[in-house]
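K.L.:
build me a model from this:
(one chain, ligands or ions: 1)
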Amino acid sequence: MKGLQLLATGGALPGRVVTNEDLSRQVDTSDEWITTRTGIRQRYCCTESEDAATLAIAAARQALARSGLAASEIACCVAATLSAPTATPSVACRVQAALGLPENRPAFDVNAACSGFIYAIAAAHGLLNTLGGRYALVIGCEALSRMVDPADRTTCVLFGDGAGAAILELAEDVPFAVTLGARGSEAIRVGGPAACDTAPITMDGKAVFRFAVETMPRCLQTVLERSQKTLADLDWVVCHQANSRIIDHCIKHLHAEPSKFYKNMDRHGNTSAASIPIALHEMVENDLLHPGQTLACIGFGGGLTWGGMLLTYEGRK
Ligand code: UT7
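P.N.:
Below you'll find the model as predicted:
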């Protein structure tokens, strides 16, 4: 079966920056507690006119422009999110309309929480192989600031908003591997947008931490085995940006080179399904990710779910 390679990225951040200092005036917390426990220093939050779909549209538009492709060449559009402004139209359908993507192609949302971007890429891979077509648009987008209880210090300090988008190309003989999994659990629970006032995010942080440090190295090893590569073959590992300490555990467990593990949670907090594509876009923008490089992306989160993939960047900027 053909694999996917990453062609171009896009990103969009909302207009309001909320620092740890800002939050320490809202709840009983401190910059010191948040940075030492999580590595987070600030996060971007939606203004009134922004939501997961407006961010997704901006990120997708940028990725499409960077790819140099016409909208008519996109064979499917999949958006990963757990904070869409409406259940329907989906974010992906809103992107289809805004970008003028062809109507005779699939557009839909995937909810696998923080693993969502990997799930969405796997879905796009399957669609291109099944329905035909060469290029997929995959988006991760969230407006989690709308879904936390602003008075709950155990969650409101963790999450942020944003969107990242990727254009992927189906190609012969490219390194590509995916692993996905799920274990039904209430360890992270989020009400739907309509229930947001009564059912904001709740999380058993310690249980999720344990789950993450067990799952991430295993996911990475699985995609390495499936693509017959070793850690030394990877230029980058892009993990879900929930907590700097979780990534450090993973590095220690794998005896890996820390500089290969990209981190940006200090600026964004945990943006769930958006965290991996936001990181990819930043890496392209900052000339860290170069054409021909191989990377693994590893996600874990609510569901509980997990996912890993290995692919190359054949960049267009
Ligand atoms: O993308 C979804 C995936 N989610 C995650 O990856 C989250 C994984 N878990 C974590 O990252 C960590 O468990 C947290 C950062 C959420 C919490 O860190 P922790 O070291 O597990 O802290 P804790 O929950 O054990 O809380 C320790 C103490 C408690 O006080 P007591 O009971 O010891 O007196 C909490 O009440 O810290 C208190 N606490 C806070 N203090 C100041 C909890 N939140 C805060 C806060 N500021 N924001």
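
K.L.:
quick check, the residue in the stretch 101-250 of the chain closest to the ligand?
P.N.:
G205 (2.9 Å; Cβ to the nearest ligand atom). Where you see a C-beta, it was placed from the backbone N, CA and C, and this is true even at glycine.

K.L.:
isn't that residue right up against T154?
P.N.:
Yes. G205 is in contact with T154 according to Cβ atoms under 8 Å; the separation is 6.5 Å.

K.L.:
what's the neighbour count on the nearest residue to D109 once chain neighbours are set aside?
P.N.:
Distances taken as Cβ to Cβ, 6 or more residues apart in numbering place S90 nearest to D109, at 4.1 Å, with adjacent residues excluded. Neighbour count of S90, defined by other Cβ atoms under 10 Å: 20.

K.L.:
which residues touch S90?
P.N.:
Residues in contact with S90 (Cβ atoms under 8 Å, 6 or more residues apart in numbering) are A79, A84, A107, F108, D109.

K.L.:
can you name the next helix or strand after the longest helix seen in the chain?
P.N.:
Taking DSSP state H as the criterion, the chain has its longest helix at helix 205-226. Remark: after helix 205-226, the chain's next helix or strand is strand 236-239, criterion DSSP states H and E.

K.L.:
neighbours around A296, how many?
P.N.:
A296 has 25 nearby residues by other Cβ under 10 Å.

K.L.:
quick one on the thing from earlier: state the distance from the residue nearest to D109 to the ligand.
P.N.:
Taking Cβ to the nearest ligand atom, to the nearest Å as the measure, S90 falls 22 Å from the ligand.

K.L.:
can you name the residue of the stretch 1-150 of the chain nearest the ligand?
P.N.:
Closest to the ligand within the stretch 1-150 of the chain is T29: 3.2 Å, counting by Cβ to the nearest ligand atom.

K.L.:
any idea how far the closest residue to that residue other than its chain neighbours is from R189?
P.N.:
In space, and not counting its chain neighbours, T29 is closest to R153: 4.8 Å by Cβ to Cβ, 6+ apart. Distance, R153 to R189, by Cβ to Cβ, to the nearest Å: 17 Å.

K.L.:
what does I139 give?
P.N.:
Taking Cβ to Cβ, one finds I139 at 24 Å from R189.

K.L.:
higher neighbour count, those two?
P.N.:
I139 (34 against 13).

K.L.:
how many residues are close by A165?
P.N.:
35.

K.L.:
just list the residues touching it, thanks.
P.N.:
Counting by Cβ under 8 Å, 6+ apart, A165 touches 9-11, 56, 59-60, 62-63, 137-140, 277, 281.

K.L.:
and for T222?
P.N.:
Neighbouring residues of T222 by Cβ under 8 Å, 6+ apart: A177, T179, G308.

K.L.:
out of these, give me the one that has the most neighbours.
P.N.:
When neighbours are counted by other Cβ under 10 Å, G308 leads the contacts of T222 with 28 neighbours.

K.L.:
quick check: the spatially closest residue to it that is not a sequence neighbour vs L289, distance?
P.N.:
Nearest residue to G308 in three dimensions, chain neighbours excluded: C219, at 3.4 Å (Cβ to Cβ, 6+ apart). Distance of C219 to L289, computed by Cβ to Cβ: 20 Å.

K.L.:
so between these two, which is more surrounded?
P.N.:
Per other Cβ under 10 Å, whichever of C219 and L289 has more neighbours is C219, with 26 against 23.

K.L.:
distance of that one from L99?
P.N.:
Taking Cβ to Cβ as the measure, C219 falls 31 Å from L99.

K.L.:
could you do C76 as well?
P.N.:
13 Å.

K.L.:
between these two, what contacts are shared?
P.N.:
Contacts common to C76 and L99, judged by Cβ under 8 Å, 6+ apart, are L137.

K.L.:
the stretch 51-200 of the chain: strands as residue ranges?
P.N.:
In the stretch 51-200 of the chain, the strands defined using DSSP state E, counting those that start in this stretch lie at 74-80, 107-110, 135-143, 161-171, 177-182, 188-189.
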